[in-house]
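Novice: What would the 3D arrangement of this be:
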Amino acid sequence: MNLNRLPVLALVGRPNVGKSTLFNRLVRQRSAIVHDLPGVTRDRNYGEAEWYGRKFLAIDTGGFEPDSDAPLKKQVQQQTRLAIEEADVILFLCDGKGGLNPLDRDAVQLLRKVDKPVFFAVNKVDTQAKTAGLYEFYGLGLEEVFPLSAEHGLGLSELMERVVAAFPAELKNGGAETADGEEPQARPLSLAVVGRPNVGKSTLVNRLLGYERSVVDAAPGTTRDALDSPFSLDGEQTILVDTAGIRRKARIADRVERYSVIRSLGSVDRGDLVIYLLDGPEGVTSQDAQILAYAFQRGKGLILAVNKWDQVPLEQRDARKYREEVYYKLAFVDFAPVVFISALTGRGVPKLTAAVKSVADSHQRRIQTSALNQALRAIFARNAPPLWRDKPVKFFYATQTGSRPPRFTLFVNTPEGISASYERYLIHHLRQAVNLEGTPIKLVMRGRRDEEAGSSSRSRSSRARGRRQETRGRRQEAAGSRRHTAGPSTGLRAGRRKKR
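Specialist: Here you go, the predicted structure:
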């Protein structure tokens, strides 16, 4: 099991039972993937969610429409099987308003055979009268049924407490970001090769390793289950992660586009750095933006590799214009280098490995405090932040609190005065000033009072310790004096008793 990832919760069930409503409620506090980033118009079926500090990945398996060639029953079963394959925990939703459906019975029979935690919830139960309708669902032989109103949040706390507790124990901290001031454990860098189906991931992996590790086929999605492969990146030990998934062709046709996303997200979680492969002839798609936005949010070092460059029509093979188009559509990762390659022939791959090495250096670099503060003072002086409540925002100093990716804490007089747009300005110019190519940069704003409070607290604690030590010293001195005075008297009384 890959431990360096988020646990996965799959929401399964018939259409219109409320899966998307529940999904949106779960990811509301943690934006759904590329929810607020440009370039994505597709329905968001994958989202990073959080329940009282426990992060996980939620999958909404809904959104399909039956057609004459694929009966509804068959599609429901297929959706359920696919979710089972990817998930750590499964949440099956029924419709309490519409009542028990034969398709629910079929799905329950399938889920009984699953060796994973499965929870059954009846949605749209928002009144006492509707609660009485739960009994027919117990007729399925279920030990426990959770009444739920995803729209209003009723019953959600009890359900999610059980769901979160059922995530694999070894994933309790899987995929979590390193806290401020906490350095990642010494380990080799991991490099994930990610991209849409049939974009050439396995061909590139074989090219980088120098031998055929992945089975390559023209059909989309035909890659073996992911294996970690060590290799040397310019003398540095590195772990190469490939996207999982050889599957039977009969199971590929209807699900490649939707379910390749979750495998890509898993690979992103496993890597410190991500080589994201773009299909040169096809260009940037909304799915590319989805996965890249997730990698950006997770703080991964990024390299954009435009594969099959030799297949792009000659009149369109202008690297400068193509790069501009990529940055226009993927503006949120315009810090990532773009390299043009052919994984099949090896053309451009040396430039790709050089870019990976450069991004790896940036991703784990420590900046000298003096150089950091000199750069930030110049950036603030060049363009000061707007007034905050008619008062200027002042920068005091900064310190680096982590790496992979680089994280910095900036002390200012009013952290609220640093707007999101000004923070982007700081990140952009700091990246240029200290040469942090290809890696996200995390900034934390803190007020001077935070520092003074810590210093004051330490000072008060020191003074209190001093007073306690002084008090103990006086008590010991007094006790010693009493022992010295009491000694002869005690001996005299003892002598008198003895003499008697």
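Novice: hey, let's count contacts and neighbours off CA atoms from now on
Specialist: Will do.
Novice: quick one: low-confidence parts of the stretch 301-450 of the chain?
Specialist: By pLDDT under 70, the low-scoring segments of the stretch 301-450 of the chain are 449-450.
Novice: ok, which stretches of it are helices?
Specialist: 319-329, 349-363, 369-382, 420-434, 448-499 (DSSP state H, counting those that start in this stretch).
Novice: So which bits of the shortest one are buried?
Specialist: Applying a neighbour-count criterion of 16 or more other Cα atoms under 10 Å, one finds Y322, R323, V326, Y327, K329 buried in helix 319-329.
Novice: between these, which is nearest P415?
Specialist: Among those, Y327 lies closest to P415 (Cα to Cα), at 30.4 Å.
Novice: Check the gap between the closest residue to that closest one other than its chain neighbours and L304 for me.
Specialist: Leaving out its chain neighbours, the residue that sits closest to Y327 by Cα to Cα, 6 or more residues apart in numbering is D334, at 5.3 Å. Separation of D334 from L304 (Cα to Cα, to the nearest Å): 10 Å.
Novice: what residues are up against P386?
Specialist: Counting by Cα atoms under 8 Å, 6 or more residues apart in numbering, P386 touches P392, V393, G417.
Novice: rerun at 10 Å
Specialist: Counting by Cα atoms under 10 Å, 6 or more residues apart in numbering, P386 touches P392, V393, G417, I418, S419, Y422.
Novice: Now G266: which helix or strand?
Specialist: Assigned by DSSP states H and E, G266 belongs to helix 256-270.
Novice: Which helix or strand lies directly C-terminal to that helix?
Specialist: strand 273-279.
Novice: Walk me through which strands that following strand pairs with, and which way each runs.
Specialist: strand 189-195 (parallel), strand 301-307 (parallel) (DSSP bridges).
Novice: now those as JSON lines including distance to S149 and mean neighbour count?
Specialist: Below are those laid out as JSON lines (distance: least, Cα to Cα, whole Å; neighbours: other Cα atoms under 10 Å):
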{"stretch": "strand 189-195", "distance to S149": "37", "mean neighbour count": "25"}
{"stretch": "strand 301-307", "distance to S149": "40", "mean neighbour count": "28"}
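Novice: closest one to R365 among those?
Specialist: Nearest to R365 among these is strand 301-307; the distance by Cα to Cα comes to 11.9 Å.
Novice: coming back round to it: include distance to V163 when you put the strands paired with strand 273-279 into a markdown table, please.
Specialist: Shown next, in a markdown table, are the strands paired with strand 273-279 (distance: least, Cα to Cα, whole Å):
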| stretch | distance to V163 |
| --- | --- |
| strand 189-195 | 29 |
| strand 301-307 | 32 |
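Novice: Enumerate the positions of stretch 16-30 that are buried.
Specialist: V17, G18, K19, S20, L22, F23, N24, R25, L26, V27, R30.
Novice: Return the subset of those lying in helices.
Specialist: Residues of the buried residues of stretch 16-30 located in helices (DSSP state H): K19, S20, L22, F23, N24, R25, L26.
Novice: So the first one sits against G13, correct?
Specialist: Yep, that's K19 we're talking about. Yes. Counting by Cα atoms under 10 Å, K19 does reach G13; the two are 7.3 Å apart.
Novice: list the residues that contact both of the two?
Specialist: With Cα under 10 Å, 6+ apart as the test, K19 and G13 both reach D60, T61, G62, L91, F92, L93, C94.
Novice: which one of those residues is nearest N383?
Specialist: Scanning these for proximity to N383, where the rule is Cα to Cα, the winner is D60, at 44.1 Å.
Novice: related to what we said a few turns ago, any chance of the shared contacts of K19 and G13 in TSV with secondary structure and pLDDT as columns?
Specialist: What follows is the shared contacts of K19 and G13, written out as TSV (DSSP: H, G, I helix; E, B strand; the rest coil; pLDDT from 0 to 100):
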residue	secondary structure	pLDDT
D60	strand	79
T61	coil	74
G62	coil	58
L91	strand	93
F92	strand	91
L93	strand	91
C94	strand	91
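Novice: Looking at the residues you listed, spot the one nearest I367.
Specialist: Nearest to I367, judged by Cα to Cα, of the shared contacts of K19 and G13 is D60 at 41.6 Å.
Novice: Just give the closest residue to F23, not the sequence neighbours.
Specialist: Nearest one to F23, counting by Cα to Cα, 6+ apart, is D60 at 6.3 Å.
Novice: What about that neighbour, how many residues nearby?
Specialist: Using other Cα atoms under 10 Å, D60 is surrounded by 21 other residues.
Novice: Could you give the bridge partners of it?
Specialist: Here D60, judged by DSSP bridges, has bridge partners L11.
Novice: how much space between it and G47?
Specialist: Distance from D60 to G47, counting by Cα to Cα: 9 Å.
Novice: Kindly point out which residues are neighbours of both of these two.
Specialist: F23, N24.
Novice: Surely S362 touches G301?
Specialist: Yes. S362 is within contact range of G301, at 8.3 Å (criterion: Cα under 10 Å).
Novice: Quick check: chain neighbours aside, which residue is closest to Q400?
Specialist: F408 is the one closest to Q400 (Cα to Cα, 6+ apart), at 4.3 Å.
Novice: That neighbour reaches A398, doesn't it?
Specialist: Yes. The pair F408 / A398 is scored as a contact, 6.8 Å apart, by Cα under 10 Å.
Novice: Give the residues shared as contacts by the two.
Specialist: Common neighbours of F408 and A398 (Cα under 10 Å, 6+ apart) are L372, L443, V444, M445.
Novice: Among the residues you listed, which one lies nearest to V268?
Specialist: For the shared contacts of F408 and A398, the nearest to V268 is L443 (21.8 Å; Cα to Cα).
Novice: tell me the contacts of the closest residue to G348 other than its chain neighbours?
Specialist: Spatial nearest neighbour of G348, chain neighbours left out: I341 (4.4 Å); criterion: Cα to Cα, 6+ apart. Counting by Cα under 10 Å, 6+ apart, I341 touches 204, 277, 280, 305-310, 347-352.
Novice: Restricted to buried residues, select those in PyMOL.
Specialist: Restricted to buried positions by 16+ other Cα under 10 Å, the PyMOL selection for these reads:
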select buried, resi 204+277+280+305+306+307+308+309+310+347+348+349+352
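Novice: Among the contacts of I341, which one lies nearest to A87?
Specialist: Using Cα to Cα, the contacts of I341 come closest to A87 at L277, 25.3 Å.
Novice: Residue ranges in the stretch 1-150 of the chain under the pLDDT threshold?
Specialist: In the stretch 1-150 of the chain, residues with pLDDT under 70: 1-4, 29-46, 62-83, 128-133.
Novice: Now do the contacts for the residue nearest to G346 when sequence neighbours are not counted.
Specialist: Once flanking residues are discounted, G346 sits nearest to R207: 7.0 Å by Cα to Cα, 6+ apart. By Cα under 10 Å, 6+ apart, the contact set of R207 is K201, R213, A343, L344, T345, G346, V349.
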